[in-house]
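> Here's my sequence, what's the structure:
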Amino acid sequence: MATIVVFPEFINSMRHILQNKSDDKFEIYGLIQDDYVFQLRDLKLNKEYYNKSWKFIGTLESKNKSQGLVKIFKDIQFVLDIEEIINNRRLSKNFDFKDSQNNNKSENLDIFLVDLSRLFLRIDAKDVPLAVLNQKKVGIIGLGSGGALIAQYLSKAGVRDFVFIDKDIFQEHNIIRHICSLKDVGRYKTYAIRDFLLERIPDLRITTVEDYFNTDTKETEEKFWQILSDRDLLISTTGDHSINYKINRFAYTYGLNTVYAGTTDKIGSGLMIRVEPSNGDVCYNCIYGKEKIIPTTTADEVSVTYDRKLEDIFSQPGLGIDIDNVTIFVVRFIMYTLLRRIENTLYPFPYNVYIWYNKDIEQPIHIDGLELYYVPSLIRIKDCGICSIEKKLGES
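Next comes the predicted model:
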């Protein structure tokens with residue numbers, strides 16, 4: 001049995017053709033999956049086709065204002081009625097064809113319309129504030145394995161507006177712990193993740209910035225302020241403390257709520273830090289910079305980055321799983337932060353700092369793995385210069 005999957009773009013193009021009473025023959029572009037699953041994605045209407053992954057798979061000829069004759073190569077031919085498929089969403093028809101021995105045969109044809117409004121059908125309920133998340137705007141700095149997974153889960157939860165900032169190129173050693181694949185090797189991670197998400201949720205609004213975050217000059221600081229000024233939340237997954245300190249100063253200066261997510265060396269534990277300047281929160285510099293409130297697995301963790309040479313990194317079996325474990329908690333933490341003023345919010349995280357222990361750790365004390373801890377009291381550094389009481393919001 002053949003299956004015809006009709007996408008909204010195809011219906012819109014078909015309606016345009018039929019309403020203009022065109023008698024021409026138009027090319028159908030889409031995909032052929034599993035031999036007899038045909039996805040009708042769009043029509044090439046005398047314009048440069050915008051999705052290079054879609055291939056020519058057949059033709060459409062207009063019959064009247066609502067019907068068109070669809071021919072998929074030489075085997076399948078049927079009349080598609082726009083109103084009929086919109087009203088029913090799923091149809092079953094017969095089509096005639098000739099087999100390899102040139103014998104006439106008839107088979108059942110299953111046709112159904114992809115309705116993008118149904119994407120969130122399973123989570124759009126009264127007790128799930130999808131409408132609130134639809135309005136949230138998020139910026140993610142660092143699109144490695146953790147940042148990519150955060151973007152994926154937030155989009156699946158209903159966040160629709162993103163800014164991705166990263167200059168890294170996707171390489172082969174990223175694949176075993178990343179959502180992207182071999183076809184993305186050599187591309188900017190921002191592009192690869194953008195396309196991965198748009199293939200699943202086409203109406204997402206995604207702005208990409210192929211650059212590393214920095215505020216070294218007034219011009220670069222102004223550039224990133226223009227890009228991020230409307231964000232409800234910034235998320236840093238850079239894995240680099242020196243960049244996080246810059247983000248901290250920038251976010252506190254401009255009053256941007258920020259979540260910092262990272263791990264200790266060897267993914268022994270995951271870190272979740274929330275700083276909301278409007279609440280006068282203790283900043284990242286105080287929490288992680290000088291006081292070393294956050295326990296670590298190595299004495300020099302503060303200076304560790306992910307930019308080390310590959311040969312300097314010891315084997316880390318299960319690395320992708322460890323990162324995913326940490327990221328799941330981080331996403332819940334972010335979801336609570338976005339929805340914290342909504343009643344009956346899932347996954348309450350009232351404290352600003354959490355540590356999720358992924359493995360047994362001997363330093364500073366023995367802690368069994370797979371445990372979540374919070375830090376109830378945060379100490380502000382008197383001479384912080386960023387979030388101290390004397391510091392005024394917006395002061396340079």
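> quick one: residue 224 from residue 355, how far?
29 Å (CB to CB, to the nearest Å). From N, CA and C alone the C-beta is placed, and that goes for glycine too.
> Likewise for residue 199?
In terms of CB to CB, residue 199 sits 35 Å off from residue 355.
> Going by contacts, tell me the helices and strands next to the longest helix along the chain.
Selection of the longest helix in the chain by residue count, based on DSSP state H, yields helix 319-339. Judged by 3 or more CB pairs under 8 Å, 6 or more residues apart in numbering; DSSP states H and E, helix 319-339 is in contact with helix 130-134, helix 145-157, strand 233-236, strand 258-263, strand 269-275, strand 353-357.
> quick one, which of those is nearest to residue 104?
Among these, helix 145-157 comes nearest to residue 104, with 46.6 Å by CB to CB.
> any idea of the mean pLDDT in the closest one?
For helix 145-157, mean pLDDT is 95.
> contacting residues around it?
123, 133, 138, 140-141, 143, 162, 164, 166, 174, 177-180, 189, 193, 196-197, 200-201, 204, 235, 237, 239, 261-263, 320, 323-324, 326-328, 330-331, 334-335 (CB atoms under 8 Å, 6 or more residues apart in numbering).
> Packing partners of the next helix or strand after that helix?
Once the chain leaves helix 145-157, the next helix or strand it forms, by DSSP states H and E, is strand 161-165. With contacts defined as 3+ CB pairs under 8 Å, 6+ apart, strand 161-165 has these neighbours: strand 137-141, helix 145-157, helix 189-198, strand 205-209, helix 218-228.
> Out of the ones you listed, which gets nearest to residue 77?
helix 189-198 (32.1 Å).
> pLDDT on the closest one, on average?
The model assigns helix 189-198 a mean pLDDT of 95.
> Give the other helices and strands that that helix contacts.
helix 145-157, strand 161-165, strand 205-209.
> Direction included, what does the last one pair up with?
Within its sheet, strand 205-209 is paired with strand 161-165 (parallel), according to DSSP bridges.
> what does the strand it pairs with rub up against?
136-143, 151, 154-155, 189-190, 193-194, 204-209, 211-213, 224, 227-228, 231.
> change it to 7 Å
Residues from elsewhere that reach strand 161-165, judged by CB atoms under 7 Å, 6 or more residues apart in numbering: 137-141, 143, 151, 190, 193-194, 204-209, 211, 213, 227-228, 231.
> Now do it against helix 189-198, angle only.
Interaxial angle of strand 161-165 relative to helix 189-198 (axes from the mean of the first three to the mean of the last three CA atoms, to 10 degrees): 150 degrees.
> Quick check: which element contains residue 216?
Per DSSP H and E, there is no helix or strand for residue 216.
> Can you tell me how far it is from residue 26?
Residue 216 is 53 Å from residue 26, by CB to CB.
> And these two? Which one has more around it.
residue 26 (19 against 8; other CB atoms under 10 Å).
> isn't there a strand covering that one?
Yes - under DSSP: H, G, I helix; E, B strand; the rest coil, residue 26 falls within a strand.
> picking that back up, can you say which of the contacts of helix 145-157 are buried?
For those, a burial check counting by 16 or more other CB atoms under 10 Å picks out 133, 138, 140-141, 143, 162, 164, 166, 174, 177-180, 189, 193, 196-197, 201, 235, 237, 239, 261-263, 320, 323, 326-327, 330-331, 334-335.
> could I get stretch 193-204 in PDB with only the CA atoms?
Provided in PDB are the C-alpha atoms of stretch 193-204 (Å, rounded to 0.1, in the frame of the first residue of the first chain):
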ATOM      1  CA  ILE A 193      20.900  23.000  15.100                       C
ATOM      2  CA  ARG A 194      18.600  25.600  13.400                       C
ATOM      3  CA  ASP A 195      17.900  23.300  10.500                       C
ATOM      4  CA  PHE A 196      17.500  20.200  12.800                       C
ATOM      5  CA  LEU A 197      14.800  22.100  14.800                       C
ATOM      6  CA  LEU A 198      13.000  23.600  11.800                       C
ATOM      7  CA  GLU A 199      12.600  20.200  10.200                       C
ATOM      8  CA  ARG A 200      10.500  19.300  13.300                       C
ATOM      9  CA  ILE A 201       8.800  22.700  14.100                       C
ATOM     10  CA  PRO A 202       8.800  24.800  10.900                       C
ATOM     11  CA  ASP A 203       7.300  28.000  12.500                       C
ATOM     12  CA  LEU A 204      10.100  28.500  15.000                       C
END
